[in-house]
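> coordinates only, sequence not included:
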Ligand code: NAI
C-alpha cells in the first residue's frame, strides 16, 4: 500500500494558492514548489525591509517571473497582509477562487523586553497575527462555500520555547497557534483544515541570528515539501503543529501531568493545599497527551481509575485530600448536581402556540385542529406539549453550570417527561426554574437530568424533565440509576388498540425550529453530515408533539384539560417528510404509545406513555353527533346499535371482530362509526375504534345507502373503488349477519 501511495505524485491542478510574503525566503520556496505541482499561485509580497519599513513590487514580481519562466501560473499581489481582502480579491480576479492560503509574511523587530517600544510591539502583532487573521478571514467564506480549504499558519520556535529579544514576536507567533487551533475546529465540517508550522530556515530574517554553516544546512527548500503536503487535498491532518528544518520534520503536542485535587468538597481552596501538593501537580510521570479540553478529563479518568468510597456514596461527606486516587472529573460532576441555572422568562402571544401547533403537524384540513390554529376560535387552546417550549432554553444554558464538564457537541436528547398541572395559557409570561436534578454514569456516556418547573405568576403550570445523554462522558464512577428519573414504561404485549398516522412535511423541522430550538442539526445539511446524518433530522420534541396529539385526538377528543403527562424516549432520528405512525394501548387512564417511521418501520419513540385525567373519551350515548350534519347512514347505524343491544353477545361469539366505518361526504370523512363485535356484549359507538379495528371500510354516505338497500353489490363497489377496505377483508363477510336485513330500510 505504502508503495502504491508513494508512486502517486502530489499535484495541485486547478488549485489556487495564495502565499503571503512570497517575494523571498520561505514564501518564495513555497510558491515555486506549488507552481511546479500545477497550482495557480498568487505571489504576495509588500516588498518592504525586514523591520516592516518601505514597500516595493519587485520582490513579488521576481518570483512571478521565475514561476512563469518555468511554465507555471502566477500573479503578483503587492498589498500588505493587513489588507487581506485586497489580496484575496487578486486571487479571485485572476483565478475565480481561492483554495489554499499560506500565511507566511513576517518581519522582525527584536529587542530585549524592556526596550520594546509600542511600535515594535504593534507592528509585529499587526503583520503576523492581524495580517494572518485578515487574509484568512477574507478567504474563509469562499472556502466554506466550496467545502474545501487548506490553511497554514507560520509560528516559530521562539513562541513555543521563548527566545531572548523576541518577546513581541514570540507572543504573535504563539497567538497564531491559538488562532489555528480554533480554525481547525470551526473549519472541520467544511473540509477546511488549518495547521501550523514552526520552521527553521536560512533567510534574510535569520541571517543575522544563525551562523553561516547552519544557514546553509537550513534551506527554505527543506521546509516547503511539508507545507505542500499539508495543503494537499489527500492530507487529512488538521489542527496540528510541526517543527521543520534541514530536512527534518517533527510533530508537537501538549503533555500534562495527572495533576492533583487540592481541595475538599464544600470547602475553600487554600494556597497551602497547593503548596503541599506541588510535587504531584508537577509530576510528569504517567503524563497524558490531551487532544482536546474534554479528552483531558477522560484521559485523567482512565489513568486514575475511580475512588470506591466516593462512587458508592457520592454525597456522603468530604473527599480525601490525599489526591492520588480521587477522580477529579467525578468530583466536578457530583458538584454540579443540584445546581440551579438562571431562571428563564418566556413571554408569548397567541402566535407561539399556533406556530407550535403547525410545527407538530396540525393542519386546517382537519376541522378538529382549528381550535389550535385560530386565535379567535371559541375554544382556542394551547397544545399540552407546548409546555416544553418555555422551558427548552434551559438546555442551552447548561454550559454555564460550574463543574459540568461536557462536550456539548456530543450531547443527545435522550428522553423527555412533561407534566401539566393546568392547561397552558394561550399567551402570557411564564417563568421557569432549572436544576441539574442528577447525573448518572452509564459507562458509554453520562445522563444529565435537568428538571425545569414553569410558573405562571405563583402557580406551577408544568414540570419538564429533560434527559440528556453526553456521549463519551461516562466512566467517572458515578451511580447508574437515580430515583429522580422519570422512567419509561413499555406497552402491553398485544397488538395496539388504536393506530394513527401523519405524514410530516419536508419543511417540518424548518417550521418546528421557529419555536426556538435553533440547533443547525435540523436545517443545515453540512452540520448534519458532521453528526453522521445523511440529512437534517426532525427535532425529537417535534415527533413527541405528533404522538401526543394522536393520543389527545384518539382518547381525549382533543380536550386539553384531559392531558396530564407524557414520557418518551427518543430512539431513532426522523427525516422530515417521513410518516409518523403512533400505536396506542389504553390501560385505564394511561395510554402507552410507540411511534414508528412507517417507511422503514423503525421505532422512533419508545417506552412512551401519556397519562390522561380520570375521564377520557366517552362516546355519545345515542351514537349521533349533534355537531355535524345528519347523514343518511346515521339511521342505519342507529338501527344496528339497537340490534346489537338485542343480540350482541351472540354476535360477538360468531363474529369476534371490530369494524370501523369511515363515511365520507364530498370527499371528506363526515362520520366515523365503530362496530365492536369482539369485546363484552358488543357495542356500536361513534368515532374511531378504541381497540384496533380488524377491518376499516371507507365509502361515501350515498354508496353506503346503496349497498345496504341492495342496489349496489359490495364486491362491485370494492372493485370499482367506491368501497375501500383496509385490514382483514375476510372479516367483512361476517358483517352480512348485521347488514343483510337492511334492504328493507
Ligand atoms: P523573509 O523576510 O525572507 O520573508 C518574509 C517576507 O514577508 C518578505 O519577503 C517580506 O517582504 C514579506 N512581508 C513582510 N511584511 C509584509 C506585509 N505586511 N505584507 C506582505 N508581505 C510582507 O523571512 P522568512 O524567514 O522567509 O520568514 C517567513 C516566515 O517564517 C515569517 O513569518 C517568519 O516569522 C517565519 N519564521 C522563519 C524562521 C526562519 O528560520 N527563517 C523561523 C521561524 C519563523
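It's in. Since we're looking at a predicted model, the values are computed, not measured. Numbering: from 1, shown residues only.
> middle-most residue in this protein, spatially?
Closest residue to the average C-alpha location of the chain: residue 521 at 4.3 Å, with C-alpha atoms, centre = their mean.
> and it, that's in a helix?
Yes - counting by DSSP: H, G, I helix; E, B strand; the rest coil, residue 521 falls inside a helix.
> so how far is the ligand from it?
Per C-beta to the nearest ligand atom, to the nearest Å, residue 521 is found 39 Å from the ligand. Every residue, glycine included, has its C-beta placed from N, CA and C.
> go on, residue 47?
Counting by C-beta to the nearest ligand atom, the gap from residue 47 to the ligand is 5 Å.
> how about the nearest residue to that residue, chain neighbours excluded?
residue 56 (3.5 Å; C-beta to C-beta, 6 or more residues apart in numbering).
> Settle this for me: the one you found is touching residue 48, isn't it.
Yes - contact criterion C-beta atoms under 8 Å: residue 56 and residue 48 qualify, at 7.3 Å.
> Those two: who's more crowded?
More neighbours surround residue 48 than the other of residue 56 and residue 48, with 18 against 14 (other C-beta atoms under 10 Å).
> which ones are touching the more buried one?
By C-beta atoms under 8 Å, 6 or more residues apart in numbering, the residues touching residue 48 are 54-56, 107.
> again, but for residue 606
Residue 606 sits in contact with 488, 490, 568-569, 571, 594, where contact means C-beta under 8 Å, 6+ apart.
> Which of the residues you listed sits closest to residue 72?
Residue 72 lies nearest to residue 571 out of those, by C-beta to C-beta, at 56.6 Å.
> where does the chain have its least confident helix or strand?
Using mean pLDDT, DSSP states H and E, helix 308-312 stands out as the lowest-scoring helix or strand of the chain, at a mean of 28.
> How about residue 132, nearest residue that isn't a chain neighbour?
Ranked by C-beta to C-beta, 6+ apart and with sequence neighbours excluded, the top spatial neighbour of residue 132 is residue 103, at 3.9 Å.
> Verify the stated contact: residue 696 with residue 723.
No - Residue 696 lies out of contact with residue 723 (C-beta under 8 Å); the separation is 11.1 Å.
> In three-state terms, label residue 469 for me.
Strictly by three-state DSSP, residue 469 counts as strand.
> tally of neighbours for it?
Other residues within reach of residue 469, judged by other C-beta under 10 Å, total 20.
> How about the contacts made by it?
So residue 469 contacts 411-414, 442, 445-447 (C-beta under 8 Å, 6+ apart).
> Quick one: buried ones out of those residues?
Neighbour counting with 16 or more other C-beta atoms under 10 Å marks 411, 413-414, 442, 445-447 as buried within the contacts of residue 469.
> Relative to the ligand, which of these is nearest.
Distance to the ligand, by C-beta to the nearest ligand atom, is smallest for residue 411 among the buried ones among the contacts of residue 469, at 39.5 Å.
> quick one: that closest one and residue 466 touch, right?
No - look at residue 411 against residue 466 with C-beta under 8 Å: they stay out of range, at 10.4 Å.
> Closest one to residue 676 out of the contacts of residue 606, please.
Using C-beta to C-beta, residue 594 is the member of these that lies nearest residue 676, at 22.8 Å.
> for that closest one, what are its contacts?
The contact partners of residue 594, by C-beta under 8 Å, 6+ apart, come to 491, 496, 582-583, 603, 605-606, 608.
> same thing with residue 497?
For residue 497, the contacting residues are 584-586, 689-692, by C-beta under 8 Å, 6+ apart.
> mind putting these in TSV, distance to residue 91 and neighbour count included?
As requested, the contacts of residue 497 are exported to TSV (distance: C-beta to C-beta, whole Å; neighbours: other C-beta atoms under 10 Å):
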residue	distance to residue 91	neighbour count
584	61	26
585	64	21
586	67	20
689	68	25
690	69	21
691	70	18
692	66	19
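> Now, these that are in strands?
If you go by DSSP state E, the contacts of residue 497 have 584-586 in strands.
> Can you tell me the closest non-neighbouring residue to residue 226?
Leaving out its chain neighbours, the residue that sits closest to residue 226 by C-beta to C-beta, 6+ apart is residue 244, at 4.9 Å.
> Can you verify the one you found is assigned to a strand?
Yes - applying three-state DSSP, one finds residue 244 inside a strand.
> so who does it touch?
Residues counted as contacts of residue 244 (C-beta under 8 Å, 6+ apart) are 197-200, 222-223, 226, 250.
> Recalculate using a threshold of 10 Å.
Residues near residue 244 by C-beta atoms under 10 Å, 6 or more residues apart in numbering: 197-201, 218, 222-227, 250-251.
> That one pairs with what?
Beta bridges link residue 244 to residue 199, residue 249 when assigned by DSSP bridges.
> and which of the ones in strands among the contacts of residue 497 is nearest residue 129?
Nearest member of those to residue 129, counting by C-beta to C-beta, is residue 584, at 61.7 Å.
> Tell me the residues of the stretch 1-150 of the chain that contact the ligand?
Proximity of the stretch 1-150 of the chain to the ligand, by C-beta under 6 Å from any ligand atom, involves residues 20-21, 23-27, 44-48, 50, 52, 59, 80-81, 104-107, 127, 131.
> Can you say which of these are buried?
Among these, the ones that count as buried by 16+ other C-beta under 10 Å are 20-21, 23-27, 44-48, 52, 59, 80-81, 104-107, 127, 131.
> Which ones among those map onto strands?
When these are checked against strands (DSSP E), the matches are residue 44.
> give the contact list for whichever residue of the stretch 51-200 of the chain sits closest to the ligand.
Scanning the stretch 51-200 of the chain for the residue nearest the ligand gives residue 106, at 2.6 Å (criterion: C-beta to the nearest ligand atom). For residue 106, the contacting residues are 20-21, 25-27, 50, 52, 81, 124, 127-128, 131-132, 154, 156, 169, 172-173, 203, 205, by C-beta under 10 Å, 6+ apart.
> quick one, what contacts residue 225?
With C-beta under 10 Å, 6+ apart, residue 225 has these contacts: 10, 29-30, 33, 244, 247, 249.
> let's see 8 Å
residue 33.
> tell me which element it falls in.
Assessed by DSSP states H and E, residue 225 sits inside helix 224-230.
> got a list of contacts for the helix or strand containing residue 32?
Taking DSSP H and E as the definition, one finds residue 32 inside helix 25-36. Outside helix 25-36, the residues that touch it by C-beta under 8 Å, 6+ apart are 12, 17, 19-22, 41, 43, 45, 63, 66-67, 70, 72-74, 100, 102, 104-105, 154, 199, 201, 203-205, 219-221, 223-225, 227-228, 231.
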